[in-house]
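Visitor: Based on what follows, work out the 3D shape:
(2 chains)
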Amino acid sequence: MSTRTVVPARAAWSSMIRAGESLTLTDLHGNQAVDFLVYDAHDTAVRYSAPDTIHAQGGIFLTTGSVLMSNEHTPLMTVTADDVGRHDTVGGACSKESNTLRYGHHTWSQHACVDNFLAEGARHGLGKRDLVSNINWYMNVPVEKDGTLGIVDGISAPGLALTLRAERDVLVLVSNCPQINNPCNGFDPTAVEMTITGKNT
Amino acid sequence: MATSTTYGARDHARAQEGARAEAMPVVPASDWPDPPPEAARLVWAETVAGGNYTHRVLARGTEIRLTDLRGDACAHLLLHHADRPWERLNVADTVKVQWNAYLGEGVLLLSDQGRVLASVVADTSGRHDALCGTSTLVRNTERYGDGTPHSSSPAGRELFKLAAAKNGLEPRDLPPSLSFFQGVRVREDGTLDFTGSAGPGAAVTLRTEQDVTVLIANVPHPADPRPEYVSTPLEVVAWRARPTGPGDPLWDASPEGRRAFLNTAEFLAARGTA
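Guide: Sure, this is the predicted structure:
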């Protein structure tokens, strides 16, 4: 059996995923960045660590086989299928505050991912101390030889999906990125789909 | 010296004054034996042992110089606003806002509030890292047999937990950290090459742009491929200086940085502290 939810453009979503269950994210319209955090459901002080994930796999891009590691260097989820090829975990989430630096103060009133994370996290007792560098599924962030790094046009397309298997009971927080000032979602936020599949299906 | 009585024990303890260890703070800092030119303004002078940690609250406008004395130090660093620790170093914003994954002279260490916590004003190493974070108990136990704080192979995160606790902070307050003196470079396909260090004597100087709590763990970089735990002393020297102000080349070095300094100035002016 599975449960299927469409997360509208700009919206937040969260769910518990039990050990052995899988979560499939489908980029319904293409080039939509999905900001993603994952916590041990029973001890939320144990949460996704971008640096542990990067150094455990020896590289910055996430794809099939990538193990999402916690800050205690334990596995939280594993990418078991990926139609896209690479995803970002360096760039973090957009916020009202970082938008003022990246684009200018005119962006202050715009909707941003950190607000989604804070609002959705609060439903689970999570606050600002619990937000750390996250994953950006479908977002394309190359690093040049001289270290220049930036969000460029995506390489996803409508219908492309990736699947994560929970290695323990986890709590997943998603912000379906509302950013309209960079190409992370083609300057046009769109809906994505979340499908949770039981371990026996 | 007999320590069988309270008087004897007291005399024995007091007789230790003036003893020197290789790794120790010198108090007052102005007694540091090898002072930089700013000796009169020294506020912190310490040698941090390999596999150890330190922490200090520093006022805005302090310069802090870290030196890799023997070539195998790695200074893992976290910054929290001293009064409001929920404002803290944001590594993702630091690299994304400044369009660069590598740390070096001129880089601003940004908080998650669109402001500057500290800036890098000098760097003779060029081997730093914003991607791999620090080491953990699990990983060090796998690699070296132990990772607890007082073992022979302490993990950076375990030392950060202790340093954080001494400032009223918990593990939930520890975001991804930076490391200085041992780094990585990213290949085109996203994989990493470990650079190792630049050798003995490399130094990096940070300037605090707000009042900050500094947590430092001196432990091997997590991507250090050597099978043995190699960690040598780190020198920390800090002195009163001035924060970056309008007219400083760093203030206008990039439009993103200028807005970060402007945001910081507005925040401090509104608080009545600058």
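Visitor: that's a strand at B:Thr54, yeah?
Guide: Yes - under DSSP: H, G, I helix; E, B strand; the rest coil, B:Thr54 sits within a strand.
Visitor: contacting residues around it?
Guide: Applying C-beta atoms under 8 Å, 6 or more residues apart in numbering or on different chains, we find B:Thr54 in contact with B:Pro25, B:Glu46, B:Val48, B:Ala163, B:Ile216, B:Asn218, B:Val236. C-beta here means a position set from N, CA and C on the backbone, and glycine is covered the same way.
Visitor: The fourth one touches B:Arg56, doesn't it?
Guide: What that stands for is B:Ala163. No - B:Ala163 lies out of contact with B:Arg56 (C-beta atoms under 8 Å); the separation is 9.7 Å.
Visitor: Which one (most neighbours) among the contacts of B:Thr54?
Guide: B:Asn218 (31 neighbours; other C-beta atoms under 10 Å in any protein chain shown).
Visitor: what's the spacing between it and B:Val237?
Guide: Separation of B:Asn218 from B:Val237 (C-beta to C-beta, to the nearest Å) stands at 14 Å.
Visitor: Okay, now the unreliable bits of the stretch 51-200 of chain B?
Guide: Along the stretch 51-200 of chain B, the model assigns pLDDT under 70 to no residue.
Visitor: I'd like to know which residues of it are adjacent to chain A.
Guide: Within the stretch 51-200 of chain B, the positions near chain A by C-beta under 8 Å from any C-beta of the partner chain are B:86, B:90-93, B:95-97, B:99-102, B:110, B:112-115, B:131-134, B:136-139, B:157, B:170-177, B:186, B:188-192.
Visitor: From these, list the buried ones, please.
Guide: With burial judged by 16 or more other C-beta atoms under 10 Å in any protein chain shown, the buried subset of those is B:90-93, B:95-97, B:100-102, B:110, B:112-115, B:131-134, B:136-139, B:157, B:171-177, B:186, B:190, B:192.
Visitor: can you tell me which residues contact the residue in the stretch 101-250 of chain B positioned nearest to chain A?
Guide: The nearest approach of the stretch 101-250 of chain B to chain A comes at B:Gly133, 2.6 Å away (C-beta to the nearest C-beta). By C-beta under 8 Å, 6+ apart, B:Gly133 lies in contact with A:Ser49, A:Ala50, A:Pro51, A:Asp52, A:Ile54, A:His55, B:His76, B:Gly156, B:Pro176, B:Ser177, B:Ser179, B:Pro222.
Visitor: Phi and psi next, for the most centrally placed residue in chain A.
Guide: For chain A, A:Phe36 is the residue whose C-alpha lies nearest the centre (C-alpha atoms, centre = their mean; 2.4 Å). Dihedral angles of A:Phe36 (phi, psi; degrees, to the nearest 10) stand at phi -140, psi 130.
Visitor: How many residues are close by B:Pro36?
Guide: 15.
Visitor: Could you do B:Pro85 as well?
Guide: Count around B:Pro85 with other C-beta under 10 Å applied: 18.
Visitor: Confirm for me that it is in contact with B:Asn167.
Guide: Yes - applying C-beta under 8 Å, one finds B:Pro85 in contact with B:Asn167, separated by 7.4 Å.
Visitor: who touches both of those two?
Guide: B:Thr213.
Visitor: re earlier: tell me what the residue nearest to the centre of chain A is bridged to.
Guide: A:Phe36 has these beta-bridge partners by DSSP bridges: A:Ile135, A:Val174.
Visitor: Name the surrounding residues that touch stretch A:77-87.
Guide: In this structure, residues lying in contact with stretch A:77-87 by C-beta under 8 Å, 6+ apart are A:17, A:22-24, A:27, A:38, A:61-68, A:135-140, A:155-156, A:160-167, A:170, B:190.
Visitor: And the lengthiest helix in chain A, how far out from the chain middle?
Guide: Assignment by DSSP state H gives helix A:113-122 as the longest helix of chain A. Here helix A:113-122 is found 13 Å from its chain centre; the criterion is C-alpha atoms, centre = their mean, to the nearest Å.
Visitor: Show me what that helix packs onto, helices and strands only.
Guide: Identification of packing neighbours for helix A:113-122 by 3 or more C-beta pairs under 8 Å, 6 or more residues apart in numbering or on different chains; DSSP states H and E yields strand A:12-17, strand A:34-40, helix A:96-102, strand A:170-176.
Visitor: okay if I get those as a markdown table plus distance to B:Val204 and mean pLDDT?
Guide: Below are the helices and strands packed on helix A:113-122 laid out as a markdown table (distance: least, C-beta to C-beta, whole Å; pLDDT from 0 to 100):
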| stretch | distance to B:Val204 | mean pLDDT |
| --- | --- | --- |
| strand A:12-17 | 39 | 98 |
| strand A:34-40 | 31 | 98 |
| helix A:96-102 | 23 | 97 |
| strand A:170-176 | 35 | 98 |
